[in-house]
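# Okay, predicted coordinates and the sequence, questions at the end:
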Amino acid sequence: MEQLKAFINGQYVESKTEKYMPVHNPSTGEIIAETPCCTMEEVEDAIAAAKAAYPAWSSTPAHKRAQLFFKLRELIVEHMDELTLCVATENGKNWAESKGDVAKALEMVEMACNIPTLMMGESLMNTSTGYDTTLYREPLGVFAGLAPFNFPAMIPMGWMAPLAISCGNTYVLKAASITPMTALKMAELYRQAGFPDGVLNVVTCSRVEADQFMSHPDIKGITFVGSTSIGLHIYSEAAAHGKRVQCLCEAKNHGLILKDAPLERTVAGIINSSFGCAGERCMALSALVVEEEIADALVEEMKRQLSRRNVGPAYDKNTNLGPVISQEHKESILKWIETGIAEGAVLAMDGRNVSVPGYEGGYYVGPTILDHVKPGMTVGDREIFGPVLCIKRVKNFEEGLALMNENPFANGSCIFTQNGYYAREFARRTDGGMVGVNVGIPVPVGIFPFSGHKNSFFGDLHAHGKDFVRFYTESKTVTTRWFDEEEMKNTEVNTWDGSMSR
């Protein structure tokens, strides 16, 4: 069994802790590694290393920073299969999904390669007569990231570290203790690419040790991805200490299915959106709002298509649906299914007793459909984070949209229709921050923000897109005035001295 180490100041460091946390292979249930619950002092060491590296790194020209990210990109491509296997083994995504996880991290590294253009400021000559103003964007210092388990590459090594570092900041990443191996492997690629020691630091620890990020005077900002309750706590505490905060939280994404939607293609999109990554993603399409006229046919077509999908170990390339992350989480999902039945939902497809020969110790839950979910049922309102789809039946577009917008979460929403009017009305009136028209997982490519709304996001600036530059930098304006010979003789200066456009 591998005993993992922290990555601090460019070196893998053996922790002095007496507490190690197990890392499981969800496909088998076996413990494959142990990761340290780093001590308060070790987390402090990581922050100190990042602080010490900041002056030189922030002074490094943006083009030189970009050159290192180009090298990092090459290394990720070179190690793509190794990183894919690592994601599949520790997280449970099937092979294609795991490769996509790494590819999405790569996408953000490619964004970082463009940082000289993205950080360009603005200027205007003669803002007032004889005065010129230039706006610069400057890094702030040390940022911290608290990563979830569900995307071991994309979130910590895509949305978090490369974007902060490319802007000239340094970084302390708390990797998820149940899926830390991918981030630690990618930290080695940063070292190989030539990033200076201390620019990136990776630790694993408990909430107790991580709490110091929120009040630590050397931490300038925090990115968190996880539950809404913890996200709201982090947002409140860190903001109270004057830090920049972005907290990406839970969701209950709804899709509205109108009667004119092409049945087979719509169902194929729903299955990908609802059951992909075993439903363990905050953009999973976990609830359908379906016009009553087509609801029965839709459910039957879903059952038909789902019956052809293979449940199996993550690293088997024939697997369509891999395991969920842990035995504890599996039990939570099963409990939610029981809750739905008890609340009156109809179990249209039951994935509770799925078995994978040879992998009996794995954490498998098959595709599950709960039909006739009514308003007020908790199973239709709360995030389950598993391969469970709730179906709510409505009479028409207006009833469906109103029902969707009642939900307190608003990461994403989508509509399946061939009617342009309803598609436009939906995009305009839905509360969802990321909207799909015949797209079940409407996460945009990295040049646009991951823009959750309502209780799915706390903060002002979203992850990636142009928002990331604004989040990881601050503006500085410089106004200049050069005197000609006559001006040099002037002994009176206007009160506003160039700050009015006159």
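Cool, got the structure.
# Show me the shaky parts of the stretch 1-150 of the chain.
Applying pLDDT under 70 to the stretch 1-150 of the chain flags no residue at all.
# repeat for the chain
Applying pLDDT under 70 to the chain flags residues 502.
# List the contacts of the residue most central in space within it.
Using CA atoms, centre = their mean, the residue of the chain that lies closest to the mean C-alpha position is Ile155, 4.7 Å off. Ile155 makes contact with Ala147, Pro148, Val225, according to CB atoms under 8 Å, 6 or more residues apart in numbering. All C-beta spots, glycine's among them, are computed from the backbone N, C-alpha and C.
# Can you tell me which of those has the most neighbours?
Ranked by the number of neighbours (other CB atoms under 10 Å), the contacts of Ile155 place Ala147 first, at 28 neighbours.
# so that residue sits right up against Val225, yeah?
Yes: counting by CB atoms under 8 Å, Ala147 touches Val225, with 6.4 Å between them.
# from the chain's centre, how far out does the helix or strand hosting Pro55 sit?
Using DSSP states H and E, the secondary-structure element containing Pro55 is helix 40-59. The gap between the average C-alpha position of helix 40-59 and the chain average comes to 24 Å, counting by CA atoms, centre = their mean, to the nearest Å.
# and it, what other elements does it pack with?
Contacting helix 40-59 under the criterion 3 or more CB pairs under 8 Å, 6 or more residues apart in numbering; DSSP states H and E are the following elements: strand 6-8, strand 131-139, strand 142-146, strand 170-174, strand 200-203, helix 207-210, helix 212-215.
# hmm, who's touching that helix?
Taking CB under 8 Å, 6+ apart as the criterion, the residues outside helix 40-59 that touch it are 6, 8-9, 13, 15-17, 36, 38, 65, 138-139, 141-142, 144, 165, 168-172, 196-199, 201-203, 205, 208-210, 212, 216, 218-219.
# Tell me which residues of that helix come out buried.
Buried positions in helix 40-59, judged by neighbour count with 16 or more other CB atoms under 10 Å: 42-43, 45-51, 53-54, 57-58.
# In a markdown table, list those residues along with distance to Val388.
A markdown table is the format used below for these (distance: CB to CB, whole Å):
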| residue | distance to Val388 |
| --- | --- |
| Glu42 | 39 |
| Val43 | 36 |
| Asp45 | 42 |
| Ala46 | 38 |
| Ile47 | 40 |
| Ala48 | 44 |
| Ala49 | 43 |
| Ala50 | 40 |
| Lys51 | 44 |
| Ala53 | 45 |
| Tyr54 | 45 |
| Trp57 | 45 |
| Ser58 | 46 |
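# about what we covered before: closest to Ser123 out of the contacts of Ile155?
Checking these against Ser123 by CB to CB gives Val225 as the nearest, at 36.0 Å.
# Tell me if I'm right that that closest one and Pro152 touch.
No: using CB under 8 Å, Val225 is not in contact with Pro152; the gap is 11.7 Å.
# residues near Val439, how many?
Using other CB under 10 Å, Val439 has 17 neighbouring residues.
# Look at it and tell me its secondary structure.
coil (DSSP: H, G, I helix; E, B strand; the rest coil).
# which one is it nearest to, not counting chain neighbours?
Ranked by CB to CB, 6 or more residues apart in numbering and with sequence neighbours excluded, the top spatial neighbour of Val439 is Cys414, at 6.1 Å.
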